[in-house]
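# Sharing a model prediction with you, sequence too.
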Amino acid sequence: ILNVEQSPQSLHVQEGDSTNFTCSFPSSNFYALHWYRWETAKSPEALFVMTLNGDEKKKGRISATLNTKEGYSYLYIKGSQPEDSATYLCASFNTNAGKSTFGDGTTLTVKP
Amino acid sequence: GAGVSQSPSNKVTEKGKDVELRCDPISGHTALYWYRQRLGQGLEFLIYFQGNSAPDKSGLPSDRFSAERTGESVSTLTIQRTQQEDSAVYLCASSLAAGGNLYEQYFGPGTRLTVT
């Protein structure tokens, strides 16, 4: 049974701070990891799809790294802005199929 | 272009009634997923469809839940004899294919189901 854990559960930072949070997943039978951003009253939106050990992806001020051997991924936000406030979800795939396991998310609040 | 749409956006029903939730995926997306999020909990996988292959129903919580998909288009999730614990936001997502290594999922706005 896959168990995907995210930490911390919630995070409050000041505008301009850089921050990071973690997604841990079983490293056996790893296939892919997705990161999504979910703003209140909106739909989850894809940030990154990651597959290779050592992969690093970047989109604007947000970046993510992947370590498939030890089973973790970090999401970094540089210079947080209030519009970054959202819940960040990761989802792990352990086969080349559609079923994934989502973590419970890290809820980020950026104070102006 | 058009994204994933779901209807209704909100549904209040009495315990014991049946409900049907609808999802219209993005045109051309062969994979379709249903999830739910109960209050205070994470996203829970329910079922996914990939083209004409048999759906993966392994996440359906009980035999009161069923889902159908017509070809590569609309899907309906049916909950029979609803219970209060079925209250949740039901999210639908679609992707170009079910291969998790390449294709991100595009989510609809969800249906908020409240069972009284």
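Looks like it came in fine. Residues are numbered from 1 along each chain as shown, chains lettered A, B, ... in the order given.
# Tell me where the model's unsure across chain A.
Within chain A, the ranges that satisfy pLDDT under 70 run A:1-2, A:96-98.
# Spell out which parts of it neighbour chain B.
By Cβ under 8 Å from any Cβ of the partner chain, the residues of chain A that approach chain B are A:31-32, A:34, A:36, A:42-46, A:49, A:51, A:89, A:91, A:93, A:95-105. C-beta: built from backbone N, CA, C; applies to glycine.
# what sits against the closest residue to A:Ser7 other than its chain neighbours?
With Cβ to Cβ, 6 or more residues apart in numbering or on different chains as the criterion, A:Ser7 has its nearest non-adjacent residue at 5.1 Å, and that residue is A:Thr22. Residues near A:Thr22 by Cβ atoms under 8 Å, 6 or more residues apart in numbering or on different chains: A:Gln6, A:Ser7, A:Tyr72, A:Ser73, A:Tyr74, A:Leu75.
# What's the separation between the residue nearest to the third one when sequence neighbours are not counted and chain B?
Okay, so that is A:Tyr72. Leaving aside its sequence neighbours, A:Tyr72 sits nearest to A:Ser24 (Cβ to Cβ, 6+ apart; 5.0 Å). Applying Cβ to the nearest Cβ, to the nearest Å, the value for A:Ser24 to chain B is 14 Å.
# which residues does A:Ser24 contact?
Counted by Cβ under 8 Å, 6+ apart, A:Ser24 has contacts A:Val4, A:Glu5, A:Gln6, A:Ser7, A:Gly71, A:Tyr72.
# Which of the helices or strands spans the residue nearest to A:Ser7?
strand A:19-24 (DSSP states H and E).
# Show the subsequent helix or strand relative to that strand.
By DSSP H and E, the next helix or strand past strand A:19-24 is strand A:32-38.
# That next one - which strands sit beside it in the sheet, and in what orientation?
When pairing is defined by DSSP bridges, strand A:32-38 lines up against strand A:45-50 (antiparallel), strand A:86-93 (antiparallel).
# List just the nearest of the contacts of A:Thr22 to B:Glu44.
Nearest to B:Glu44 among the contacts of A:Thr22 is A:Gln6, at 15.0 Å by Cβ to Cβ.
# With adjacent residues omitted, what lies nearest to B:Asp18?
Using Cβ to Cβ, 6+ apart, the closest residue to B:Asp18 is B:Gln80 (4.8 Å).
# mind checking how far that neighbour is from B:Thr116?
17 Å (Cβ to Cβ, to the nearest Å).
# Looking at the two, which has the bigger crowd around it?
B:Gln80 (14 against 10; other Cβ atoms under 10 Å in any protein chain shown).
# Pretty sure that one sits against B:Lys15.
No: B:Gln80 is not in contact with B:Lys15 according to Cβ atoms under 8 Å; the separation is 12.0 Å.
# Tabulate the contacts of A:Thr22 (CSV), appending neighbour count and secondary structure.
Listed next are these as CSV, based on neighbours: other Cβ atoms under 10 Å in any protein chain shown; DSSP: H, G, I helix; E, B strand; the rest coil:
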residue, neighbour count, secondary structure
A:Gln6, 23, strand
A:Ser7, 13, strand
A:Tyr72, 17, strand
A:Ser73, 24, strand
A:Tyr74, 14, strand
A:Leu75, 23, strand
